[in-house]
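> Provide a 3D model corresponding to the input given below.
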Amino acid sequence: MKELEDLELFQKHVTGCFTELLSSSTHDGSSDNLLHVGWIRKLLDVFLYYEAEFKAIIFMGRDPAEIAKPPPDRLISEY
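Down below sits the predicted model:
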């Protein structure tokens, strides 16, 4: 239950950040800024940051042996 709440909060935070990043690139009404190297660098930085945060949420409180198992094995052991 706590993990689901954490994921929902994470999703809202990521959505807000990407929305802000997108709106900052189109502040003048054009979408040309989306192709600039500076904007792409910001996008990559944000993506990598949230990828690490997502992994931390997923792995928190789990047995590392369970994570290393192939997906079918994990599903079988959960039921």
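
> mind listing the helices for this protein?
2-25, 37-59, 64-68, 71-78 (DSSP state H).

> could those helices go into a markdown table alongside mean pLDDT?
A markdown table is the format used below for the helices of the chain (pLDDT from 0 to 100):
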| stretch | mean pLDDT |
| --- | --- |
| helix 2-25 | 83 |
| helix 37-59 | 86 |
| helix 64-68 | 60 |
| helix 71-78 | 58 |
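
> quick one: these as CSV, columns for mean neighbour count too.
Any C-beta I mention is one placed from the backbone N, CA and C, and that applies to glycine too. Below are those laid out as CSV (neighbours: other CB atoms under 10 Å):
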stretch, mean neighbour count
helix 2-25, 12
helix 37-59, 12
helix 64-68, 9
helix 71-78, 9
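
> quick check: residue 7 touching residue 57?
Yes. Counting by CB atoms under 8 Å, residue 57 is a contact partner of residue 7 at 6.4 Å.

> spatially, what comes nearest to residue 57 if we skip its sequence neighbours?
Counting by CB to CB, 6 or more residues apart in numbering, residue 57 lies nearest to residue 6, which is 5.2 Å off, once chain neighbours are set aside.

> quick one: the one you found and residue 44, what's the gap?
Distance of residue 6 to residue 44, computed by CB to CB, to the nearest Å: 24 Å.

> give me the distance between residue 54 and residue 7.
8 Å.

> same deal with residue 42?
24 Å.

> equivalent analysis for residue 20, please.
Counting by CB to CB - residue 20 and residue 7 are separated by 20 Å.

> likewise for residue 22?
On the measure of CB to CB, residue 22 and residue 7 end up 22 Å apart.

> spit out the contact partners of the residue nearest to residue 14 when sequence neighbours are not counted.
Excluding the flanking residues, the one nearest residue 14 by CB to CB, 6+ apart is residue 50, at 5.2 Å. Taking CB atoms under 8 Å, 6 or more residues apart in numbering as the criterion, residue 50 is in contact with 10, 14, 17.
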